[in-house]
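Colleague: A structural model of the following input is requested.
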Amino acid sequence: MKLKFSFLIISLFFLIFLSSVARVSAFTTNFPHGLTRIDDEKVSEGYVLYTPIQGVKGDDNVYKTLLINNNGETVHEWSLDYKPGLYSFLLDNGNLLVGGATEELKNPPTGGGGGIIQEFNWEGDLVWEYRNEYLHHDFDKMPNGNILAILWKPMSAENQKKVRGGIVGTENEGQIWADTLIEIDYKTKEIIWEVKVEDLLDVDDYELESFVTRKSFTHVNSIDYLPQENTFLSNEAVLISIRQLNMIAVIDKKNKKLEWAWGKDKISKQHNVTLLENNNILLFDNGVHGTSNKGGFYIPGSRVIELDPKTLEVVWEYSGDGLGGIHFFSALMGGAQRLENGNTLITESMTGRIFEVTRDKELVWEYVNPYYEQDNNFVFKAIKYSPESINIQKLSYPDGKYSFKSKFQELGTKVATIEIVFFLSVLVFILSVSLLNLQSDKIIIVIKYLRKLINKR
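Modeller: Okay, the predicted model is just below:
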């Protein structure tokens, strides 16, 4: 009898523990993370590279860049020397080029701080780095091996006086900053080309929105190298996103002139502008102050758009499936990449959500960054690589095909966790009461109470 009583006490303790786990699971998986959806027939083959901004808080508790397959399994990783500033991408030789946040600049005008660009080989060894405390946001590798990058720089005193709009008195220690685009010689690490963005613009022609600060006039957050004989001009060019002015622009690199610009009253606080192979432009439009009128009022909602730069026509757009795109919104950051099969990989940065949609806007793959710092699982932008561009022999799990794991996750983490915990609890309880010969009506009462306890939020 003592043995039976002891078993009952142990089983009741186990039930209480499981019910607690179920309540925690119900809370933390209201927003499922990891792989949440996959259509094995329509998703593009390949591997997704992403860098959790808040770090991967595993056993070694360090910042990392991760490469995952279509099942959401990590197949390779790089440990980083600094907090991400803000993302990484792979070079043709398989090395990783990553921005780091050194935090040497104590009072930057905006977020997106960098300070260092580093290159690691596949094994994680540091092979190159460039330091400049004014580096921020984005950078690009040129065919000649050099690096295009963005620096914060205070505007000239003359241009600062011309800046209109913004919230009065919100300058950065009395200064308004802008951006300088630079080319870094890979071998010497010298700046061999530069242009101040403010010098490309007539400052009098622009006015900051009433709700933004006056810390920065331009806030360039994306840079993309365009080779000679591109769709805009015969010279080399640079495609950039100017966040504060809601504008994307093409700069003649040789003559340091503004060649083309678009965006006023069309986009809002955009990111990640790139030129596609069909000579259209793909970009992430954050839509901070709304881009579509719904029932007489504006609802903030992000979208990814493909723009024909010659006709200025939006030829493709993805804005989610909710009212005004409310199911798809990131006020900060954001990424978009056109894939080889025509699908588009999108990064909804502030939710840590990376997903792939078809040309017909069907969601065929979704992954949510599972690494949180408090409630923050930000990802600046993710990039997908085809199997041909990755050294598969060096991957931990080269198989990127559909698996039972992905099918299980598709069912929904919250429901699956709660139901499994419940039935395990019932199984243990039935075993307990069978040893003590309790009456069936009492068993039913206890089971109903247990289920109520588990489902309680």
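
Colleague: which residues of the stretch 251-400 of the chain fall in strands?
Modeller: All strands of the stretch 251-400 of the chain, identified by DSSP state E, counting those that start in this stretch, fall at 257-262, 271-275, 281-285, 293-294, 297-298, 303-308, 313-318, 335-338, 344-348, 353-357, 363-368, 383-385.

Colleague: Select from these the stretch with the lowest mean pLDDT.
Modeller: Of all those, mean pLDDT reaches its minimum on strand 293-294 (a mean of 48).

Colleague: Dump the strands of the stretch 251-400 of the chain into CSV; add mean neighbour count and distance to Ile242 as well.
Modeller: Quick note: C-beta positions are derived from backbone N, CA and C, even for glycine. Listed next are these as CSV, based on neighbours: other Cβ atoms under 10 Å; distance: least, Cβ to Cβ, whole Å:
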stretch, mean neighbour count, distance to Ile242
strand 257-262, 16, 8
strand 271-275, 23, 10
strand 281-285, 24, 12
strand 293-294, 12, 25
strand 297-298, 10, 22
strand 303-308, 22, 15
strand 313-318, 14, 19
strand 335-338, 22, 17
strand 344-348, 25, 20
strand 353-357, 22, 25
strand 363-368, 21, 30
strand 383-385, 20, 22
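
Colleague: Tyr130 is nearest to which of these?
Modeller: When the strands of the stretch 251-400 of the chain are compared by Cβ to Cβ, strand 383-385 sits nearest Tyr130, at 20.6 Å.

Colleague: helices and strands around the closest one, which ones?
Modeller: Identification of packing neighbours for strand 383-385 by 3 or more Cβ pairs under 8 Å, 6 or more residues apart in numbering; DSSP states H and E yields strand 47-50, strand 83-90, strand 335-338.

Colleague: what would those look like in JSON lines with distance to Thr188?
Modeller: Putting those into JSON lines (distance: least, Cβ to Cβ, whole Å) gives the following:
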{"stretch": "strand 47-50", "distance to Thr188": "29"}
{"stretch": "strand 83-90", "distance to Thr188": "23"}
{"stretch": "strand 335-338", "distance to Thr188": "31"}
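
Colleague: Can you tell me which of these is nearest to Tyr385?
Modeller: Going by Cβ to Cβ, the one of those nearest Tyr385 is strand 47-50, 5.3 Å.

Colleague: helix or strand right after that closest one?
Modeller: strand 64-68 (DSSP states H and E).

Colleague: strand partners of the helix or strand just after that following strand, parallel vs antiparallel please.
Modeller: Toward the C-terminus, strand 64-68 is succeeded by strand 74-79 as the next helix or strand (DSSP H and E). Sheet pairing of strand 74-79 (DSSP bridges) gives strand 64-68 (antiparallel).

Colleague: mind checking how far the partner strand is from the chain centre?
Modeller: 13 Å (Cα atoms, centre = their mean, to the nearest Å).

Colleague: And for stretch 341-360?
Modeller: 10 Å.

Colleague: One more: stretch 69-83?
Modeller: With Cα atoms, centre = their mean, you get 14 Å for stretch 69-83.

Colleague: quick revisit: Gly100: which of the strands of the stretch 251-400 of the chain is closest?
Modeller: Closest among these, once you apply Cβ to Cβ, is strand 383-385, at 17.4 Å.

Colleague: Show me the contact partners of the closest one.
Modeller: Outside strand 383-385, the residues within contact range by Cβ atoms under 8 Å, 6 or more residues apart in numbering are 44, 46-50, 89-90, 335, 337, 339, 345, 356.

Colleague: Need the three-state assignment for Gln160.
Modeller: Counting by DSSP: H, G, I helix; E, B strand; the rest coil, the backbone at Gln160 sits in helix.

Colleague: related to what we said a few turns ago, right, and the strands of the stretch 251-400 of the chain - which one's nearest Met155?
Modeller: strand 257-262 (16.6 Å).

Colleague: Partner strands of that closest one, with direction?
Modeller: Applying DSSP bridges, one finds strand 257-262 paired with strand 247-252 (antiparallel).

Colleague: what comes up buried for the strand it pairs with?
Modeller: Using 16 or more other Cβ atoms under 10 Å as the test for burial, strand 247-252 gives Met247, Ile248, Ala249, Val250, Ile251, Asp252.

Colleague: what's near enough to touch Glu173?
Modeller: Taking Cβ under 8 Å, 6+ apart, one finds Asn107 in contact with Glu173.

Colleague: Check the gap between it and Gly94 for me.
Modeller: Separation of Glu173 from Gly94 (Cβ to Cβ, to the nearest Å): 43 Å.

Colleague: What's the local residue count around Asp81?
Modeller: 14 (other Cβ atoms under 10 Å).

Colleague: Please, which helix or strand holds it?
Modeller: Per DSSP H and E, there is no helix or strand for Asp81.

Colleague: Over to Thr110?
Modeller: Per DSSP H and E, there is no helix or strand for Thr110.

Colleague: if I look at it, how far off is Pro227?
Modeller: Thr110 is 30 Å from Pro227, by Cβ to Cβ.

Colleague: Looking at these two, which has the bigger crowd around it?
Modeller: Thr110 (17 against 11).
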